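Visitor: here are the coordinates; sequence isn't available:
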């Protein structure tokens, strides 16, 4: 549970890398959905990591 934020950040980064490197991902759907999805995953992971570590230390 403590590493949930890091896992969300890694999943968001992998989604962004997958979207950039796999050529047929852009043809399947609008690439903006993948970009926005990875953006929200990374931001949610960062906030989760901050709040979870603050609660664990307190």
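Guide: Arrived safely, thanks for sending. Computed from a prediction, not measured in an experiment: that's the story for all the values here. Numbering: from 1, shown residues only.
Visitor: Does the nearest residue to residue 1 once chain neighbours are set aside lie in a helix or a strand, and which?
Guide: Leaving out its chain neighbours, the residue that sits closest to residue 1 by Cβ to Cβ, 6 or more residues apart in numbering is residue 52, at 7.1 Å. C-beta here means a position set from N, CA and C on the backbone, and glycine is covered the same way. According to DSSP states H and E, residue 52 maps onto helix 31-57.
Visitor: what's that helix packed up against?
Guide: helix 4-21 (3 or more Cβ pairs under 8 Å, 6 or more residues apart in numbering; DSSP states H and E).
Visitor: Just the mean pLDDT for the helix it packs on, thanks.
Guide: Helix 4-21 comes out with an average pLDDT of 90.
Visitor: residues of that helix that come out buried?
Guide: Residues of helix 4-21 classed as buried under the neighbour-count rule (16 or more other Cβ atoms under 10 Å) are 5, 8-9, 12, 15-16, 19.
Visitor: Check the offset of it from the chain's centre.
Guide: 4 Å (Cα atoms, centre = their mean, to the nearest Å).
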